[in-house]
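In: need a 3D model of the sequence below.
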Amino acid sequence: MKKVLVFIGVLILLLTGCSTRQKTVQKETGEGVTTVELAPRNKRDLFVKAKRYLEQKDYANALINILRAEESGVDDELDYDIGEFKDNLLEGLNARALYEKQLVEIGKGLNTPLKYMVFYMEGEVIYPAFNLPVSFEVKKGKAQITEKGFTNTSGVAECEVNTIESLDENELTITADVTLGLEGKTYSIAKLQREFTLQYKSIKEQTISFIVFEKNIDEIVLNSVSGRLIEDFFIENGFSVLQGINEHNRELFIRATSGDQDSLNEYKNILETSLIAFAHIESVFSSKVSEGFYFAKSNIILNVIDAETNRMIFNSVIKDIKGAGNTEEKAGRKAINEAMEEFLEKLKGEINDIELKR
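Out: Numbering: from 1, shown residues only. Just a heads-up that it's a prediction; the model follows:
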């Protein structure tokens, strides 16, 4: 009885074995006859999954499954539907390179990451494409970056630029691309590739706005001649200078020069430039030698700050320069004039190194 059952089982297997194997067909090519594999049973299942994921707005899994379906053998009728679905899916997908203007410096990284956003357009509505694998690659220049990532629930993948090692023609170019690794193959979607181009811009190519706070003894100077002398010095040395304001709010001025971002933004919004030069000129009473004979001393501090990155890129200081006069006010003015003369002389030796101090 057992032998009969075994024989029947083998017979059924032989009769139905062709249905468990993938079907093949012979086709003529220019090089002769070749054997082509026809569609396996899971081809349609993958197609159904891709459509279901698209309905759920899971574009990553919709794309993965339709690519797998496309590679799963041959079925002329089904392949047409799969190809049409894939084309429509790719047509709806799009990408953007999102990044803010930042200073590019050798040996340093960027303050904020580059952002690559992938989304799907359905009519006029945008849906984020989450969980897509993204590759970042340096195409021009050399830098240490985040090379791999995934889009988040907002459809955004981030690339940290940690160290910029070199530039090519003053540029660093980084590409972002959706890359899918499926069964030993890598799929790259050309229409989703985006490029980040970051350029080095010298200080002289950028406009510097001047904010001057000058105080002589106890009186704030609202029309600072000393401040204009510093501005003129920069102009004479090839810098683009936008005359800013003579500040009377000492607290706001000091907060901004100390790196308070809100205070910097307040100036930046008024001046509409990134680079701001803060010139602090101030004299204080020193001593009274006799009636009608006074001493004062003066300090001058110049800080050039990038308001976007909140970073000081140039600093020059001169302190405790003395001046005498027959009144406190005149002693203070003399101290400021003496300090300004020494300060401009000091700047002559520093101005050509301003790029190196960034």
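
In: select the longest helix from this structure.
Out: helix 328-348 (DSSP state H).

In: so for it, mean pLDDT?
Out: The average pLDDT for helix 328-348 rounds to 94.

In: CA atoms only: put it into PDB for me.
Out: The C-alpha trace of helix 328-348 is given here as PDB (Å, rounded to 0.1, in the frame of the first residue of the first chain):
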ATOM      1  CA  GLU A 328      38.200 116.700  29.900                       C
ATOM      2  CA  GLU A 329      36.400 116.700  26.500                       C
ATOM      3  CA  LYS A 330      39.400 118.000  24.600                       C
ATOM      4  CA  ALA A 331      41.700 115.500  26.400                       C
ATOM      5  CA  GLY A 332      39.300 112.700  25.300                       C
ATOM      6  CA  ARG A 333      39.200 114.000  21.700                       C
ATOM      7  CA  LYS A 334      43.000 114.200  21.700                       C
ATOM      8  CA  ALA A 335      43.300 110.600  23.000                       C
ATOM      9  CA  ILE A 336      40.900 109.400  20.200                       C
ATOM     10  CA  ASN A 337      42.800 111.300  17.500                       C
ATOM     11  CA  GLU A 338      46.100 109.800  18.800                       C
ATOM     12  CA  ALA A 339      44.600 106.300  19.000                       C
ATOM     13  CA  MET A 340      43.100 106.600  15.500                       C
ATOM     14  CA  GLU A 341      46.500 107.500  14.000                       C
ATOM     15  CA  GLU A 342      48.200 104.500  15.600                       C
ATOM     16  CA  PHE A 343      45.200 102.300  14.800                       C
ATOM     17  CA  LEU A 344      45.300 103.100  11.000                       C
ATOM     18  CA  GLU A 345      49.100 102.400  11.000                       C
ATOM     19  CA  LYS A 346      48.400  99.100  12.700                       C
ATOM     20  CA  LEU A 347      45.800  98.200  10.200                       C
ATOM     21  CA  LYS A 348      48.300  98.600   7.300                       C
END
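
In: pull the distance from that helix to the chain's centre.
Out: 42 Å (Cα atoms, centre = their mean, to the nearest Å).

In: what comes up buried for it?
Out: Within helix 328-348, the residues scored as buried using 16 or more other Cβ atoms under 10 Å are 328-340, 343-344, 347. In this view, the C-beta of every residue, glycine as well, is placed from N, C-alpha and C.

In: so what touches that helix?
Out: Residues outside helix 328-348 that contact it (Cβ atoms under 8 Å, 6 or more residues apart in numbering) are 214, 216-217, 219, 226, 229-230, 233, 281, 283-286, 294-300, 302, 316, 318, 321-325.

In: restricted to strands, list those residues.
Out: 214, 216, 219, 281, 283-286, 294-300, 302, 316, 318, 321-325 (DSSP state E).

In: re earlier: nearest to residue 160, of the buried residues of helix 328-348?
Out: Using Cβ to Cβ, residue 347 is the member of those that sits closest to residue 160, with 36.9 Å.

In: residue 216: neighbour count?
Out: Close neighbours of residue 216, defined as other Cβ atoms under 10 Å, add up to 23.

In: tell me the pLDDT at it?
Out: Taking residue 216 on its own, its pLDDT is 94.

In: who does it bridge with?
Out: When assigned by DSSP bridges, residue 216 has beta-bridge partners residue 219, residue 283.

In: thought residue 285 was touching it, still the case?
Out: No: between residue 216 and residue 285 there is no contact under Cβ atoms under 8 Å: 10.3 Å.

In: let me see the domain layout of the chain.
Out: In terms of domains, the chain is parsed into 93-199, 203-353 (source: automatic domain parsing).

In: any chance you could map the helices in the chain?
Out: Under DSSP H, the chain gives helices at 2-20, 42-55, 59-71, 76-92, 225-236, 250-257, 261-271, 328-348.

In: this completes my enquiry, with thanks.
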